[in-house]
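here is my input; please provide its structure:
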Amino acid sequence: MTAFTRWRPYSLALGLLLAAGARAEAPRLVVLVSVDQMRADYLERFRPCFGPGGFNLLLEQGANFADCHQRHSLTITGPGHAVMLTGVHADRHGIIANDWLDRDSLERVSCVGDGTVEIVGLPRSSAPRLPGIDDPYLGRSPRNLLVATVGDQLKQAHAAQSKVIGISNKDRAAILMSGRLADAAYFMENGRMVTSTYYMKALPAWVDAWNAAGKTDACFGKTWDRLLPAAAYAVQGPDDAPGEDATAGQLGRTLPKNINGGEAKPGPRFYEAFEASPFSNDVLEDFVEAAVTNENLGGRGVTDLLCVSFSANDHIGHLYGPDSHEIMDNIVRMDRTLAGLFKFLDRRIGLQNCIIVLTADHGVSPMPETIHAREPATPAGRLDKTPIQPPVEAALNQAFGPLQDHSLWTVRDGSSWFLFHPAALKEKKVAPAAAQAVVRDALLKLDFVAAAYTREQLEKGEPAGALGRAAQLSFNRARSGDVFFQTKPYFFGKATGSAHGTPYDYDNHVPLIWYGAGIKPGVHPERVGVDDLAPTLAHLLGLPAPPQAMGRILF
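Prediction:
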């Protein structure tokens with residue numbers, strides 16, 4: 001019997017004293033807010049532009065752990081959201097990337113893809129976009145998540161009376177934060193909020209009504225312009241900066257932007273443009289308010305957990321980078337969106353009855369063009385046209401002789417892993433460890449590679465130093481590839497825009513702010529990890545930490 005199928009006999013009274021010692025009642029609602037691709041430095045860089053009630057409410061009245069980091073190497077959406085409420089990394093929670101190659105079949109696996117379930121609430125005429133997955137109607141679930149979350153612990157502690165709900169523009173964010181016992185995970189596909197038969201057979205009436213209201217389609221043709229006077233954005237440099245992506249959603253490289261995707265009516269390109277605009281944050285926040293109201297979260301005599309991830313910042317950052325007018329305007333607008341959410345929660349539940357936690361799954365790299373403009377001597381570059389696999393294949397051919405029955409020894413999984421075709425090793429009767437060493441050494445000869453490790457090294461725990469330790473946390477024995485490599489800072493494989501996925505500060509330094517009655521305001525300068533969030537929250541709620549949580553209790 002697993003931890004996900006048995007109910008533990010916890011009898012936690014609502015009057016339980018929190019370990020923080022400042023409050024005698026459990027919170028009515030816990031809200032975890034993730035702003036996708038939110039670098040920690042945005043809070044100070046853009047703070048002069050923040051109004052009251054949003055980020056400033058948290059910064060002024062919350063406990064700000066200003067030196068918080070994601071500790072793993074592959075800092076991307078799936079792994080980053082999985083660590084938040086599990087307190088462990090991919091070596092344990094199993095979400096090694098947004099998608100990966102199965103070691104046996106070499107077929108692509110989505111971190112939340114699940115062929116045993118179906119999407120609920122999506123008309124068959126409008127296909128969802130699940131990167132790397134051929135079947136557009138593949139169901140989604142948390143079954144690939146191998147460990148428990150704080151939400152799972154909460155459900156078990158209160159005999160399922162507590163509600164746990166995840167909401168995001170992205171399926172993986174909503175699903176991985178909320179856990180395997182969640183009541184629901186809602187995510188956006190083509191402007192509609194949908195879910196999975198893993199949670200329910202049909203959407204609740206209130207979700208159907210929300211979808212019928214057409215909140216997303218109402219944004220068709222809206223103009224995204226600067227919220228503040230244009231002069232305020234000069235700190236970011238030029239609006240039309242070299243390297244920005246001008247094609248996605250037909251949004252162009254400058255503000256203002258018309259959010260229509262170049263279409264005459266809402267369609268796929270419009271939804272692409274909408275996702276990369278601040279309007280998607282506002283629409284998601286509207287859905288969050290509807291969920292709180294219709295599910296009566298925080299109003300049923302038990303502690304409920306609401307996990308919310310806003311994704312627009314990630315789409316915008318990928319297109320324009322962290323030094324763009326677009327990213328600044330989105331963060332300033334995000335501040336207003338959060339202020340509206342917090343005002344709603346105060347009016348409905350009372351902020352004194354809530355705990356709010358703000359964090360992020362990862363940051364983002366400056367664009368190489370921006371680095372070269374500001375620091376010409378700093379190495380940086382785009383690897384979209386740089387051959388990585390050919391030198392690896394040449395080294396294997398030289399070491400073991402060319403293949404006769406197969407064209408290639410290896411396949412890349414799209415990120416930082418190489419996997420071997422089993423038939424190639426069998427043809428040449430080559431031991432995996434020997435082949436791995438050849439690939440590692442070939443990668444280390446490339447001038448943009450900082451480190452490379454074989455599966456054998458990672459299984460033995462040999463990699464040391466900051467890069468080695470981060471790689472170990474991103475390595476899962478059952479799911480990871482055969483050779484891992486890490487690029488040097490400011491190098492990534494995109495032709496335009498920016499990217500993330502490294503263990504460097506610009507990718508791993510994220511906010512962690514706690515707000516609520518019983519939490520003492522102040523700035524904490526010590527270095528902490530996002531993996532500390534789960535055990536700390538469990539402690540505040542009087543719950544056992546998730547069984548495999550490795551983080552520490554912060555207060």
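
domains in this structure, as residue ranges please.
30-369+503-527+536-540, 387-447+449-487 (automatic domain parsing).

the strands in the stretch 151-300 of the chain, which residues?
With DSSP state E, counting those that start in this stretch, the ranges of strands along the stretch 151-300 of the chain come out as 164-168, 184-189, 192-196, 222-224, 257-259.

deepest-packed of those, please.
strand 164-168 (a mean of 28; mean count of other CB atoms under 10 Å). For the C-beta atoms, the positions are set from N, CA and C on the backbone; glycine is no exception.

low pLDDT regions in the stretch 351-500 of the chain?
By pLDDT under 70, the stretch 351-500 of the chain has no low-scoring segment.

where along it do the strands fall?
354-359, 381-382, 410-412, 417-420, 449-454, 483-487, 491-492.

and for the stretch 1-150 of the chain?
Ranges of strands in the stretch 1-150 of the chain, per DSSP E, counting those that start in this stretch, are 29-35, 63-69, 99-101, 108-110, 113-120, 138-140.

give me the sheet partners of the last one and which way each runs.
If I follow you right, that is strand 138-140. strand 113-120 (antiparallel) (DSSP bridges).

can I get the strands of the stretch 1-150 of the chain in a markdown table with distance to Pro229?
Shown next, in a markdown table, are the strands of the stretch 1-150 of the chain (distance: least, CB to CB, whole Å):
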| stretch | distance to Pro229 |
| --- | --- |
| strand 29-35 | 24 |
| strand 63-69 | 28 |
| strand 99-101 | 42 |
| strand 108-110 | 43 |
| strand 113-120 | 43 |
| strand 138-140 | 42 |
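
if you compare these, which one is most tucked away?
Note that of these, strand 29-35 is the most buried (mean count of other CB under 10 Å), with a mean of 25.

Ala202 contacts Ile119, correct?
No: judged on CB atoms under 8 Å, Ala202 makes no contact with Ile119 at a distance of 11.8 Å.

ok, Ala451 - contacts?
Going by CB atoms under 8 Å, 6 or more residues apart in numbering, Ala451 touches 444, 463, 467-468, 471, 485-486.

quick one on the thing from earlier: out of the strands of the stretch 351-500 of the chain, the one nearest Asp67 is which?
strand 354-359 (13.1 Å; CB to CB).

returning to that earlier point: can you list the domains of the chain in JSON lines and add distance to Gly493?
Shown next, in JSON lines, are the domains of the chain (distance: least, CB to CB, whole Å):
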{"stretch": "domain 30-369+503-527+536-540", "distance to Gly493": "11"}
{"stretch": "domain 387-447+449-487", "distance to Gly493": "8"}
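
so what pairs up with the residue lying closest to Leu306 once chain neighbours are set aside in the strands?
Here the nearest residue to Leu306 in space, its sequence neighbours aside, is Val31; by CB to CB, 6 or more residues apart in numbering that works out to 4.9 Å. Taking DSSP bridges as the rule, Val31 bridges to Leu306, Ile356.

quick one: Val31 and Arg253, what's the gap?
Separation of Val31 from Arg253 (CB to CB, to the nearest Å): 35 Å.

buried sites along the longest helix that the chain contains?
Ranked by residue count, the top helix of the chain under DSSP state H comes out as helix 325-348. Buried residues in helix 325-348, counting neighbours by 16 or more other CB atoms under 10 Å, are found at 325-339, 341-342, 344-345, 348.

could you say what helices and strands it packs with?
strand 29-35, helix 55-61, helix 279-294, helix 312-320, strand 354-359 (3 or more CB pairs under 8 Å, 6 or more residues apart in numbering; DSSP states H and E).

tell me how far the second one lies from the chain's centre.
When you say that, I think you mean helix 55-61. 23 Å (CA atoms, centre = their mean, to the nearest Å).

and what of the third one?
On the basis of CA atoms, centre = their mean, helix 279-294 is displaced by 19 Å from the centre of the chain it belongs to.

ok and that helix relative to helix 325-348, angle-wise?
10 degrees (axes from the mean of the first three to the mean of the last three CA atoms, to 10 degrees).
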